[in-house]
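[1] dropping a prediction and its sequence here:
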Number of protein chains: 2
Amino acid sequence: MPVDSTASSEVTAYRWVPDFAQGLVRDLRVRWALEEIDRPYRVRLLDVTKPRPDEYFCEQPFGQVPAYRDDEVQLFESGAILIHLGLQDERLLPADHAQRMRAIAWLIASLNSVEPAIFPLLMINVFNKGEPWTEEARPKFLERLNSRLKCMSDALGDKEWLEGRFTIADLMLVTVLRQLRGGKTVDQFPNLAALVARGEARPAFQRALADQLEVFAKNQPEPQPA
Amino acid sequence: MPVDSTASSEVTAYRWVPDFAQGLVRDLRVRWALEEIDRPYRVRLLDVTKPRPDEYFCEQPFGQVPAYRDDEVQLFESGAILIHLGLQDERLLPADHAQRMRAIAWLIASLNSVEPAIFPLLMINVFNKGEPWTEEARPKFLERLNSRLKCMSDALGDKEWLEGRFTIADLMLVTVLRQLRGGKTVDQFPNLAALVARGEARPAFQRALADQLEVFAKNQPEPQPA
């Protein structure tokens, strides 16, 4: 059972987030990877509704989660944390240098070629929802996202995982694509939708998700008096 | 002199791009890293004005540059190529695992926490320039970018390089921030502007840039008859 308050590996997470973000916060990526390798970790909770303490920016320069530490490293950026864990365990990343680098290339493709095309749509559909410019902007950004997803879909083809076996590349792509949940964008690419389903079906994913959601459920804010 | 048609390392690049992109195309990142370690490479040129050949998508799933190959690997994503080169040469990445991972975390921060905030502004200012929605959208995206740059600026502080010595983390941040050239955004953060200037002053950067620009100058399209 990886969540263990005495573990030497520590992941930061939020105590609670609004519904639209539950199950998407990026500590999920690290929790999932740690579950895949049965490595225990403790969770340090931060309050998303308040500014992060000044000293937290030394751990995570953008004040976000996750930050990660263990006996060897003190890290931020979920992609870097996954690479660190992958370099230590072949269940996440092959030992062969060429194969390892291929998986890292796919991981970075998710972070730099796919996720940046999703972020403007989160502004349009969530953070700036209803503002007049968003209606005109949406098709422009959707077109860009669809062209990136088509490339990923073509590259995946009928493979089970991006490089034939499960790696941090798949873990990252699944968690990036899950940000589009509730829409029909991913469903236009049945092999990508199936990859997400395969990832979500892994017991390690399910344990990681349940652990993230359990914290939110425990810390649900009281309804404010009207 | 790293550009060498007989070298076993190969980088793909464009034969020519419009002025706004000259000096920014991402093969520059790989050329720069190769110059830092004096490793010869050959260049394979692609035509940006035509669709990329179908088979190129097997090398680079988004049809972009750079793709990279050498005797060991066949890779895409400039971030992954820099990690590959860094793992082979301490001039790009320290050998110590904890220090190495810190530099990789900063590299990914540039790719996933800074560059995604720049991309919507390229759509607003270049690709969709003049469309009505862009005027309303610009301040929203600029606010996001500025908050990310402030965090990077605070994290850099008065250090010469992000982790005290030059690494692929600095190389990546400099090339990401250079995408904002011609505007005043970076100048609001004098230490970031100074980091870009320090990067651009490195002889390896200057050779890499000159080599990219030389190809464009040679292949400047003929003016079309009116």
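    Yep, that arrived. Residues are numbered from 1 along each chain as shown, chains lettered A, B, ... in the order given.
[2] quick one, phi/psi of A:Asn128?
    phi -120, psi 20 (degrees, to the nearest 10).
[3] contacting residues around it?
    By Cβ atoms under 8 Å, 6 or more residues apart in numbering or on different chains, the residues touching A:Asn128 are A:Thr134, B:Lys140. Bear in mind the C-beta positions are built from the backbone N, C-alpha and C, glycine included.
[4] what do you get for A:Phe20?
    With Cβ under 8 Å, 6+ apart, A:Phe20 has these contacts: A:Val126.
[5] next, give phi and psi for it.
    phi -60, psi -20.
[6] low-confidence ranges in chain A?
    Applying pLDDT under 70 to chain A flags the ranges A:1, A:226.
[7] all strands for it, in order.
    Secondary structure of chain A (DSSP state E): strands at A:10-14, A:42-46, A:67-69, A:74-76.
[8] take these and write them to a markdown table, including distance to A:Gly157 and mean neighbour count.
    Shown next, in a markdown table, are these (distance: least, Cβ to Cβ, whole Å; neighbours: other Cβ atoms under 10 Å in any protein chain shown):
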| stretch | distance to A:Gly157 | mean neighbour count |
| --- | --- | --- |
| strand A:10-14 | 34 | 21 |
| strand A:42-46 | 38 | 16 |
| strand A:67-69 | 33 | 24 |
| strand A:74-76 | 33 | 23 |
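[9] closest one to chain B among those?
    strand A:74-76 (5.1 Å; Cβ to the nearest Cβ).
[10] what packs against the closest one?
    strand A:67-69, helix B:97-109 (3 or more Cβ pairs under 8 Å, 6 or more residues apart in numbering or on different chains; DSSP states H and E).
[11] who's in contact with the first one?
    I take that to be strand A:67-69. Contacts of strand A:67-69 (Cβ under 8 Å, 6+ apart): A:9-12, A:30, A:56, A:59-60, A:74-76, A:81, A:84.
[12] before we move on, what about stretch A:34-52?
    Under Cβ under 8 Å, 6+ apart, the answer for stretch A:34-52 is A:1-7, A:9-17, A:27, A:30-31, A:56, A:60, A:63, A:65, A:85, A:89, A:91-92, A:166, A:171, A:202-205, A:207-208, A:211, A:215, A:219, A:221.
[13] cool, stretch A:133-145 as well?
    A:117-118, A:120-121, A:123-125, A:128, A:185, B:120, B:123, B:128, B:131-137, B:140.
[14] may I see the buried residues of it?
    A:Trp133, A:Thr134, A:Glu136, A:Ala137, A:Lys140, A:Phe141, A:Leu142, A:Arg144, A:Leu145 (16 or more other Cβ atoms under 10 Å in any protein chain shown).
[15] A:Gly183 - how many residues pack around it?
    For A:Gly183, the count of nearby residues is 12 (other Cβ atoms under 10 Å in any protein chain shown).
[16] likewise the one 3 residues further on?
    A:Val186 sits with 19 neighbouring residues when counted by other Cβ under 10 Å.
[17] that one reaches A:Val196, doesn't it?
    Yes: between A:Val186 and A:Val196 there is a contact under Cβ atoms under 8 Å: 6.5 Å.
[18] what touches both of the two?
    Common contacts of A:Val186 and A:Val196 (Cβ under 8 Å, 6+ apart): A:Leu177.
[19] care to break chain A down by domain?
    Domains of chain A are assigned by automatic domain parsing as A:10-92+A:204-218, A:97-202.
[20] quick one: the last one to chain centroid distance?
    Right, the one you point to is domain A:97-202. Domain A:97-202 sits 11 Å away from the centroid of its parent chain (Cα atoms, centre = their mean, to the nearest Å).
[21] gap between the two ends of that domain?
    26 Å (Cα to Cα, to the nearest Å).
[22] thinking again about what came up before, which ones among the buried residues of stretch A:133-145 map onto helices?
    Among the buried residues of stretch A:133-145, the ones falling in helices (DSSP state H) are A:Trp133, A:Thr134, A:Glu136, A:Ala137, A:Lys140, A:Phe141, A:Leu142, A:Arg144, A:Leu145.
[23] if I look at the residue nearest to the fourth one when sequence neighbours are not counted, how far off is A:Pro132?
    Ranked by Cβ to Cβ, 6 or more residues apart in numbering or on different chains and with sequence neighbours excluded, the top spatial neighbour of A:Ala137 is B:Trp133, at 4.8 Å. B:Trp133 is 8 Å from A:Pro132, where distance means Cβ to Cβ, to the nearest Å.
[24] what sits closest to A:Ala105 if chain neighbours are left out?
    Per Cβ to Cβ, 6+ apart, closest to A:Ala105 is B:Ala80, 3.8 Å.
[25] just give me the neighbour total for that neighbour.
    Around B:Ala80 there are 24 residues (other Cβ under 10 Å).
[26] and for A:Arg148?
    By other Cβ under 10 Å, the residues close to A:Arg148 number 19.
[27] and the gap between the nearest residue to it once chain neighbours are set aside and B:Arg39?
    Using Cβ to Cβ, 6+ apart and skipping the chain neighbours, the partner closest in space to A:Arg148 is A:Ala117 (4.8 Å). According to Cβ to Cβ, A:Ala117 and B:Arg39 sit 32 Å apart.
[28] give me the more crowded residue out of those two.
    A:Ala117 (21 against 17).
[29] mind listing what that one touches?
    A:Phe141, A:Arg144, A:Leu145, A:Arg148, B:Phe119.
[30] could you check how far the third one is from A:Gly183?
    When distance is defined by Cβ to Cβ, A:Leu145 is 10 Å away from A:Gly183.
[31] do the same with A:Leu24
    Taking Cβ to Cβ, one finds A:Leu24 at 13 Å from A:Gly183.
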